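Only the shape, not the letters, is given here:
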């Protein structure tokens, strides 16, 4: 039996409650902040809300129901869209949640006000249009892949369309995210708008029988031009098409898409067109969702651009 003078083994010192509280606060903030692009938009919205409150000598945090009601009424009267107003409200709600405060957005009367604004202004959002497959093929075939810029841009368009990528996902791609095989290419999607926790997600890209339209062969040529095995996949160029190691921003991804497709299109058109063209070709929602990583069929319906009433209509199947 050990004497009272002997030292017995002890467990490692546990962190103090105050230290744990600091870590907890950091994790909570990360959980509430959301995607980087969303956080950036929220920051701008909160800045606008704060400026409006200052001009009217009102307290922005915690904000009263009357204060937020006045602000959203101001936004509505100055022509802001319903989606923009809703995003401002979400930003205010997040700011309150981060500080453990009750949000005025939860008030029943305030919700009635938002519903009234939606009814008066309408909630139909402007959507990025889809292109036809024939037009897309013609544009891609017209790109001069003998130049460094043309080579990169061709990869961006083909990968963005065939993989139904968001522009933020295209911008974030690294060479080490790519796995080539006989069957095609697997792209490891580290994070996305709908996958903030970094769960394992992959996109499959397949070979095209038409060499000028093959996303995989175009990508392999681009990798040879890059001459490295890791780092950003899509990079900016200096004058005279000299390669840099600077990642293309999602804003530049959008500008490149518009350069080839036209000003009315956006990088989001690559994704919307994937959904629309796949659905017209007979793909079911689960097949589309396996590539887009949407969580519900409702989102697929929102993304499908079938504006032509004759394009996709059950009246064609009546047998008359």
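Right, received. Where do you want to start? Remember, predicted model here, so these are calculated numbers, not experimental data.

Going along the chain, name the helices of the stretch 151-300 of the chain.
167-172, 215-226, 250-261, 268-280, 285-292, 297-303 (DSSP state H, counting those that start in this stretch).

Serialize those to a markdown table and add fields for mean pLDDT and distance to residue 79.
C-beta here means a position set from N, CA and C on the backbone, and glycine is covered the same way. Listed next are these as a markdown table, based on pLDDT from 0 to 100; distance: least, C-beta to C-beta, whole Å:
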| stretch | mean pLDDT | distance to residue 79 |
| --- | --- | --- |
| helix 167-172 | 94 | 26 |
| helix 215-226 | 97 | 41 |
| helix 250-261 | 96 | 24 |
| helix 268-280 | 91 | 23 |
| helix 285-292 | 90 | 32 |
| helix 297-303 | 73 | 24 |
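
nearest to residue 209, of those?
The minimum distance between residue 209 and the helices of the stretch 151-300 of the chain falls on helix 215-226, with 10.9 Å, by C-beta to C-beta.

related to what we said a few turns ago, out of the helices of the stretch 151-300 of the chain, which comes closest to residue 244?
It's helix 215-226; of the helices of the stretch 151-300 of the chain, that one is closest to residue 244 (C-beta to C-beta) at 10.8 Å.

chain center to the closest one, what's the gap?
25 Å (C-alpha atoms, centre = their mean, to the nearest Å).

ranges for the strands of this protein?
Using DSSP state E, the strands of the chain run over 178-181, 184-188, 202-205, 235-237, 243-247.

Quick one, which of those strands gets closest to residue 80.
strand 243-247 (32.0 Å).

Now tell me what touches that closest one from outside.
For strand 243-247, the external contacting residues (C-beta atoms under 8 Å, 6 or more residues apart in numbering) are 148, 171, 172, 225, 226, 231, 232, 234, 235, 236, 237, 238.

can you check stretch 71-87 too?
So stretch 71-87 is contacted by 41-42, 45, 49, 52-53, 88-89, 113-114, 117-118, 120-123, 125-126 (C-beta under 8 Å, 6+ apart).

Tell me which of those fall in helices.
Those of these mapping onto helices are 41-42, 45, 49, 52-53, 88-89, 113-114, 117-118, 120-121, per DSSP state H.

Residue 161: which of those residues is nearest?
Once C-beta to C-beta is applied, the member of the ones in helices among the contacts of stretch 71-87 that ends up nearest residue 161 is residue 41, at 25.6 Å.

Count the neighbours of the residue nearest to residue 214 when sequence neighbours are not counted for me.
Closest residue to residue 214 apart from its sequence neighbours, by C-beta to C-beta, 6 or more residues apart in numbering: residue 208 at 4.0 Å. By other C-beta atoms under 10 Å, the residues close to residue 208 number 16.

Residue 128 too?
Neighbour tally, residue 128, other C-beta under 10 Å: 18.

got the contact list for it?
265, 266, 268, 269, 272.

Could you pick out the buried ones from the ones in helices among the contacts of stretch 71-87?
41, 42, 45, 49, 52, 53, 88, 89, 113, 114, 117 (16 or more other C-beta atoms under 10 Å).

what two of those residues are the furthest from one another?
Distance extremes for these: the farthest pair is 41 and 113 at 22.0 Å, using C-beta to C-beta.

Nearest to residue 61, out of the contacts of residue 128: which one, please.
residue 268 (33.0 Å).

Tell me the spacing between residue 117 and residue 67.
Distance, residue 117 to residue 67, using C-beta to C-beta, to the nearest Å: 16 Å.

quick revisit: nearest to residue 214, of the contacts of residue 128?
Using C-beta to C-beta, residue 269 comes nearest to residue 214 of the contacts of residue 128, at 21.0 Å.

mind checking how far the closest residue to the closest one other than its chain neighbours is from residue 268?
Spatial nearest neighbour of residue 269, chain neighbours left out: residue 128 (4.6 Å); criterion: C-beta to C-beta, 6+ apart. Residue 128 sits 4 Å away from residue 268, taking C-beta to C-beta as the criterion.
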